[in-house]
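Asks: Here is a sequence together with a model predicted from it:
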Amino acid sequence: MIRGSRVLHSVSSSSSFASIKRQCSLIIQSFSSHSDNSILQTRIKSFIHVAQSCSSSSSCRSVHAQVIKSSLFRHGFLGDILVSAYGRLDSLNDAHNLFDEITHKDLVSWNSFISVFSRLGLVEKCLNVLNRMRVESDIEPNEVTLISTISAIADVGEGLDEGNSLHGIAVKVGLLFECKLLNALINMYGKFGHLDSAYKVFVEMHVPTQVSWNSLIAVHVHNGFPEKGIVIFKTMRMFGFQPDEANVVSFIQACEDLGIEKLAESIHSYVFASGLVSDLTIMTSLLRFYAKSGRLLSSYDVFKEIKKPDRIAWTAMLAGYAIHGYGKQAIEFFEFMINTGCVRPDHVTFTHLLSACSHSGLVNEGEKYFDVMFTSYKIEPRLDHYSCMIDLLGRAGRLIDARKLIDEMPMEPTSGVWASLLNACRVHGNMELGEDVGARLLSIDPLDSRNYLMLSNIYSNFGRWKDAAKVRSLMKGKRLRKVPGWSSIECENEIHRFVAGDRSHRDSEEIYAKLDELIGKVRKIGYVSKTELVLHDVEEDVKRDMIEKHSEKLAVAFGLLVGRAGRPMIITKNIRICGDCHVFAKLVSVVEKLTIIIRDPKRFHHFSDGLCSCGDFW
């Protein structure tokens, strides 16, 4: 046994062909004169250790050959290990051939083979092996078999019918008491958006575990039902479960989706009370939440509490500066990150840095970092980086440069790239280029209503009403609809949402009365409705009425009715804020002496003392 232990210890992690061959030969020589069971087991363990250290298919084949030479191949477990090793190295033909050579296949053998395909997301092959097992042997699948296959289905997002069949097999063979299997089913149904099925699996569990609660919360949040996720979270706590990392992260995500600050603040308090402040994932999630909720200072406070921030935390904070349009602060933060020497920026870091430059009109700085990314860090520009640069040049009015950069891209420009340039053409009134870009965009992505609307708006800006009508008619012919704009604001953990001209709110009369009062106040200090932004061929008074009832104005009026003194008013929009509402919010911040924060899909606008953080560049 001493001799065997030395040999096992001498097996190094090196996996070159020659090294593996020498190690295997050493194992065989060391045990050539011994045959008792303990020595045999040590020999098998030695081969297992070597097989698991292989880093190439050639070295794995060497181990395979030596196992055959040692007459140990009759021990099926070694075959299973080698099948897994081949699969880990993506040598599927070798894995398949070896599996077929195993004479006596037990459940472990079949599971090893299925796991090879599960890891690679090859659902059809997983199912084929499972069916083969049931046909060729009397072996029924166990929870490991089904979990591997169900997980593969969930990961690739294909095969719901097959997933239902596997659920049926679990019922048939009596595996519904296996909690890990049921958790896999919850996750699978959640990935397909079948939340009723996921919930049914959960309620039928005898004793749900922490993972079970985590899975149920996560699938609701990820499918766009954060309210239900929060309810489940609260129910979990009523049953005596204490939130863990996965729970807390899902809860924060739900609060982020809903924009509910108070609940996030309560979970922040829980994080401190339970000692989870050392958890990087949780703290980074909190950092993102505060940044996306308009509370950038709180976001930075969380960042400072992280003792050893990793690249993800640094990048998340940089992203916060970017979406708030604080380009100069983003650059300072990036340089601070570099100077600490703790982390090295990656392609995601540069995406947010270039985005920050774009949202702040820092053209020279953006061009500098676009160059530095490759020259100093050897990061090849990706589509996201080109998109940021085209957006930066377009916003700055350098439309020809932006168009030239698209031609120089090493990859095919996406519809998003063309849409960015088309919007810049609309803002800067370039009819000729806009018409060309719009035609390209409609040919690439004919099913996005926003593309038709942008091109139609360009025509309307130039009074080409017939051309605008043709584009809208084309859009209608494809049965595409404009996504209605809305604005939302939180009050007492409830989200209030408004659309233009909305009178469905229970406090509608008070809201419109407050809005009329506000419009009267801001008119006295220079507000004039920008009716030219109403791109419809209607009378001037109709245009004025339409623009003065935009959703963000209604949200501002409601916010003043229910607002808390001394706290910023935070409003969320699903589309870009219009120029008239932008002016309106600046003037309201003066007459009401408050800060208004409006978040659209791209960035935040902080209105205070008649100014906006974007510097009127958005």
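Replies: Good, I have the coordinates.

Asks: use CA for all of it now, contacts and neighbours both
Replies: OK.

Asks: which residues touch L286?
Replies: Residues in contact with L286 (CA atoms under 8 Å, 6 or more residues apart in numbering) are 252, 268, 299, 302.

Asks: Following the helix or strand where it lies in sequence, what is the next regular element?
Replies: Following DSSP states H and E, the helix or strand that holds L286 is helix 280-292. Next along the chain after helix 280-292, taking DSSP H and E as the criterion, comes helix 296-305.

Asks: Tell me the buried residues in that following helix?
Replies: 296, 298-300, 302-303 (16 or more other CA atoms under 10 Å).

Asks: pull the CA atoms of the very next helix or strand once past that helix into PDB?
Replies: Sequence-wise, the next helix or strand downstream of helix 296-305 (DSSP H and E) is helix 311-323. Output of helix 311-323 as PDB, limited to C-alpha atoms (Å, rounded to 0.1, in the frame of the first residue of the first chain):
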ATOM      1  CA  ARG A 311     -14.000  43.700 -12.500                       C
ATOM      2  CA  ILE A 312     -17.800  43.100 -12.500                       C
ATOM      3  CA  ALA A 313     -18.300  45.600  -9.600                       C
ATOM      4  CA  TRP A 314     -16.000  48.200 -11.100                       C
ATOM      5  CA  THR A 315     -17.800  47.800 -14.500                       C
ATOM      6  CA  ALA A 316     -21.200  48.000 -12.900                       C
ATOM      7  CA  MET A 317     -20.300  51.300 -11.200                       C
ATOM      8  CA  LEU A 318     -18.900  52.600 -14.500                       C
ATOM      9  CA  ALA A 319     -22.200  51.600 -16.200                       C
ATOM     10  CA  GLY A 320     -24.000  53.600 -13.600                       C
ATOM     11  CA  TYR A 321     -22.100  56.800 -14.600                       C
ATOM     12  CA  ALA A 322     -22.800  56.000 -18.200                       C
ATOM     13  CA  ILE A 323     -26.600  55.700 -18.000                       C
END
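
Asks: Tell me how far C255 lies from V231.
Replies: 12 Å (CA to CA, to the nearest Å).

Asks: Which residue of those two possesses the greater neighbour count?
Replies: Taking neighbours as other CA atoms under 10 Å, C255 and V231 compare with C255 leading, 25 against 12.

Asks: what is the orientation angle of the helix holding L286 with helix 311-323?
Replies: 0 degrees (axes from the mean of the first three to the mean of the last three CA atoms, to 10 degrees).

Asks: thought I575 was touching G485?
Replies: Yes. The pair I575 and G485 passes the contact test of CA atoms under 8 Å, sitting 6.0 Å apart.

Asks: Pick the one among the buried residues of helix 296-305 closest to S59.
Replies: F303 (45.9 Å; CA to CA).

Asks: Hmm, the closest one is touching F289, no?
Replies: No. Between F303 and F289 there is no contact under CA under 8 Å: 11.9 Å.

Asks: can I get the contacts of L286 in TSV with pLDDT and distance to K602?
Replies: TSV is the format used below for these (pLDDT from 0 to 100; distance: CA to CA, whole Å):
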residue	pLDDT	distance to K602
I252	81	21
H268	79	26
S299	91	18
V302	92	23
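
Asks: Going by distance to F607, which of the residues you listed wins?
Replies: Taking the contacts of L286 together and measuring to F607 by CA to CA, the closest member is S299, at 19.1 Å.

Asks: Ignoring the adjacent residues along the chain, who's closest to the closest one?
Replies: L287 (4.6 Å; CA to CA, 6 or more residues apart in numbering).

Asks: burial count for the one you found?
Replies: Using other CA under 10 Å, L287 is surrounded by 25 other residues.

Asks: what residues are up against it?
Replies: With CA under 8 Å, 6+ apart, L287 has these contacts: 298-300, 302-303, 316-317.

Asks: Out of those, give me the two with the largest separation.
Replies: Using CA to CA, those span at most 13.3 Å, a distance reached by S298 and A316.

Asks: Where does the record place the domain boundaries for this protein?
Replies: Following automatic domain parsing, one finds the domains of the chain at 208-293, 381-482, 486-612.

Asks: quick one on the thing from earlier: quick one: the contacts of L286 as TSV, columns for distance to L176 too.
Replies: Formatted as TSV, these follow (distance: CA to CA, whole Å):
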residue	distance to L176
I252	31
H268	36
S299	44
V302	43
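
Asks: Surely P141 touches L107?
Replies: Yes. Using CA under 8 Å, P141 makes contact with L107 at a distance of 7.5 Å.

Asks: Put the alpha carbons of the helix holding L286 into PDB.
Replies: Presented in PDB, the C-alpha positions along helix 280-292 are these (Å, rounded to 0.1, in the frame of the first residue of the first chain):
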ATOM      1  CA  LEU A 280     -19.800  40.400  -4.000                       C
ATOM      2  CA  THR A 281     -22.800  39.300  -6.100                       C
ATOM      3  CA  ILE A 282     -25.300  40.800  -3.700                       C
ATOM      4  CA  MET A 283     -23.500  44.000  -3.300                       C
ATOM      5  CA  THR A 284     -23.000  44.400  -7.000                       C
ATOM      6  CA  SER A 285     -26.700  43.800  -7.500                       C
ATOM      7  CA  LEU A 286     -27.500  46.500  -5.000                       C
ATOM      8  CA  LEU A 287     -25.100  48.800  -6.700                       C
ATOM      9  CA  ARG A 288     -26.900  48.200 -10.000                       C
ATOM     10  CA  PHE A 289     -30.300  48.700  -8.500                       C
ATOM     11  CA  TYR A 290     -29.500  52.100  -7.000                       C
ATOM     12  CA  ALA A 291     -27.900  53.200 -10.200                       C
ATOM     13  CA  LYS A 292     -30.900  52.100 -12.300                       C
END
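
Asks: Could you list the buried residues of that helix?
Replies: For helix 280-292, by 16+ other CA under 10 Å, it's 280-292.

Asks: Stretch 403-423 too?
Replies: 403, 405-406, 413, 415, 417-423.

Asks: For the stretch 201-350 of the chain, give me the ranges with low pLDDT.
Replies: Where the stretch 201-350 of the chain drops to pLDDT under 70, the residues are 257-264.
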